[in-house]
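In: Based on what follows, work out the 3D shape:
(2 chains)
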Amino acid sequence: DAGVIQSPRHEVTEMGQEVTLRCKPISGHNSLFWYRQTMMRGLELLIYFNNNVPIDDSGMPEDRFSAKMPNASFSTLKIQPSEPRDSAVYFCASSRDTVSTEAFFGQGTRLTVV
Amino acid sequence: DAKTTQPNSMESNEEEPVHLPCNHSTISGTDYIHWYRQLPSQGPEYVIHGLTSNVNNRMASLAIAEDRKSSTLILHRATLRDAAVYYCILRESSSNTGKLIFGQGTTLQVKP
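Out: Just a heads-up that it's a prediction; the model follows:
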């Protein structure tokens, strides 16, 4: 398996534009996580899916952020409209179950909003 | 969310063992202890996890205190490639959500 695949690797966009980040989890994994990492706040869990259903979105910063998982092999994180403070590295991770197995992370998407 | 406490930073010499401590005094009976590390400019990488017994794998060993309120990640021979931020995380099982909540971690420097 190629691991968790995220696209794009880098994204530069202007303030106010819509941004969509994509994630393909490892086949057979039931849990998917979206994280955001900045120097100031470290790694923050944004939202977590289990069997394609959002379980906990309490980490989503505000209504500008939304995430979907239409099927077991694809998830998106959308920011609309984007703001400079959204600049960060966004990671997607997947794991086979909810507790005892390890999570595998993608390489991340570095988002810069100017 | 159950919390963990780790030193902000540690130093080690190359080819010497490294013991990275973690306190988790509020751990519940079914929480798994996970360790991840993040190399510069990469995503976090799984290292090891355990519940009650000590665990060994090709990367490291995990020593868990008998009362489970603390654990230690052991790198048997540190290399320059082991320089990273190491995170100790409790993975919830009581609510079956399995969230992985990262703290600030320990930044490990390895000196040649």
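
In: residues from chain A in reach of chain B?
Out: A:31, A:33, A:35, A:42-45, A:48, A:50, A:55-56, A:91, A:93, A:95, A:97-100, A:102-108 (CB under 8 Å from any CB of the partner chain). From N, CA and C alone the C-beta is placed, and that goes for glycine too.

In: need the helix or strand of chain A with the lowest average pLDDT.
Out: Ranked by mean pLDDT, DSSP states H and E, the weakest helix or strand in chain A is strand A:53-56, scoring a mean of 91.

In: List the buried residues in that one.
Out: A:55-56 (16 or more other CB atoms under 10 Å in any protein chain shown).

In: of the residues of chain A next to chain B, buried ones?
Out: So, by 16+ other CB under 10 Å, the buried ones in the residues of chain A next to chain B are A:31, A:33, A:35, A:43-45, A:48, A:50, A:55-56, A:91, A:93, A:95, A:98-100, A:102-108.

In: Let's see which of those end up in strands.
Out: A:31, A:33, A:35, A:43-45, A:48, A:50, A:55-56, A:91, A:93, A:95, A:103-105 (DSSP state E).

In: just curious, which of those residues is nearest to B:Val85?
Out: A:Leu43 (9.4 Å; CB to CB).

In: And that closest one, how far from B:Lys3?
Out: 15 Å (CB to CB, to the nearest Å).

In: Going by neighbour count, list what's buried in the very next helix or strand once past the least confident helix or strand of chain A.
Out: Note on strand A:53-56: by DSSP states H and E, the next helix or strand toward the C-terminus is strand A:65-71. Using 16+ other CB under 10 Å as the burial criterion, the residues of strand A:65-71 that qualify are A:65, A:67, A:69.

In: between strand A:65-71 and strand A:42-50, how big is the angle?
Out: Calculated by axes from the mean of the first three to the mean of the last three CA atoms, to 10 degrees, strand A:65-71 forms an angle of 40 degrees with strand A:42-50.

In: ok, B:Cys22 - contacts?
Out: Listed by CB atoms under 8 Å, 6 or more residues apart in numbering or on different chains, the contact set of B:Cys22 reads B:4-6, B:33, B:35, B:70-73, B:88.

In: what about A:Met39, how many residues close to it?
Out: The number of residues packed near A:Met39 is 6, by other CB atoms under 10 Å in any protein chain shown.

In: Same question for A:Gln80.
Out: A:Gln80: 13 surrounding residues under other CB under 10 Å.

In: can you check the one 5 residues further on too?
Out: The local packing of A:Arg85 (other CB under 10 Å) involves 10 other residues.

In: Tell me the spacing between the closest residue to it other than its chain neighbours and chain B.
Out: Distances taken as CB to CB, 6 or more residues apart in numbering or on different chains put A:Val113 closest to A:Arg85, at 7.8 Å, once the chain neighbours are dropped. To chain B, A:Val113 is 20 Å away according to CB to the nearest CB, to the nearest Å.
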